[in-house]
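**Q** My questions are about this predicted structure, shown below with the sequence.
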Amino acid sequence: MTAYQEVRSRIQKSGSENGNTSEPPTWKDAPEPAQIGRRIVEGLFSREVSRDKIRVLTNAVHWGYGTACGTLYGLVQSSARPHSALHGIVFGSAVWGSSYVMLPAMKLRKQIWEYPPKTLAADLTSHLVYGLGVAAAYRALEKRS
């Protein structure tokens with residue numbers, strides 16, 4: 001999913017100024033994973049998080065959440081037979097849908113109906129790639145054991 005998003009982002013940025021890779025100017029503009037990470041660190045550990053940690057928190061939460069969801073997929077898939085790419089599509093769709101429930105509840109994202117279809121389609125596509133990737137990884141690991 002991350003590789004797919006990076007490629008899509010680079011294609012969209014082609015022709016723009018050098019791709020501006022600087023940190024967001026404020027926490028309000030930070031990606032949702034960074035904001036979640038900040039809430040965890042500040043809430044659980046009572047430590048203020050500086051803006052220079054936005055990229056680190058974005059990656060940590062993004063990869064951590066993806067790994068946790070992938071683990072859940074593996075637990076469910078191990079009892080589901082037969083398995084197919086369809087399971088990956090359903091899984092990716094479920095993760096996508098759950099984000100449009102959880103993130104608005106956390107006041108980190110607007111409600112799903114407030115986004116244009118193009119934005120929703122791009123986000124769903126990323127999650128379908130993720131779901132298929134998790135299904136493929138599960139299948140590869142299953143064959144090795």
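**A** That came through, no problem. Note that this is a predicted model, so its numbers are computed, not measured.
**Q** quick one, longest helix in this structure?
**A** Determined from DSSP state H, the single longest helix within the chain is helix 117-144.
**Q** what's that one packed up against?
**A** helix 2-13, helix 54-77, helix 85-105 (3 or more C-beta pairs under 8 Å, 6 or more residues apart in numbering; DSSP states H and E). For the C-beta atoms, the positions are set from N, CA and C on the backbone; glycine is no exception.
**Q** Run through the neighbouring helices and strands of the last one.
**A** Which is helix 85-105. Applying 3+ C-beta pairs under 8 Å, 6+ apart, we find helix 85-105 packed against helix 54-77, helix 117-144.
**Q** got any ranges where this structure has weak pLDDT?
**A** For the chain, the stretches flagged by pLDDT under 70 are 2, 4-6, 8-9, 12, 14-24, 145.
**Q** So for residue 1, which of the helices and strands packed on helix 85-105 sits nearest?
**A** Residue 1 sits nearest to helix 117-144 of all the helices and strands packed on helix 85-105, at 3.6 Å, using C-beta to C-beta.
**Q** if you take the average position of the protein, which residue is closest to it?
**A** residue 62 (5.3 Å; C-alpha atoms, centre = their mean).
**Q** Excluding chain neighbours, what is closest to that residue?
**A** Using C-beta to C-beta, 6 or more residues apart in numbering and skipping the chain neighbours, the partner closest in space to residue 62 is residue 33 (4.5 Å).
**Q** okay but the one you found is in contact with residue 55, surely?
**A** No - checked against C-beta atoms under 8 Å, the pair residue 33 and residue 55 is beyond contact range at 10.3 Å.
**Q** before we move on, back to that, just send the helices and strands packed on helix 117-144 back as TSV, with distance to residue 131 too.
**A** Shown next, in TSV, are the helices and strands packed on helix 117-144 (distance: least, C-beta to C-beta, whole Å):
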stretch	distance to residue 131
helix 2-13	12
helix 54-77	8
helix 85-105	2
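**Q** Of all those, which one is nearest residue 28?
**A** Of all the helices and strands packed on helix 117-144, it is helix 54-77 that lies closest to residue 28, at 11.2 Å by C-beta to C-beta.
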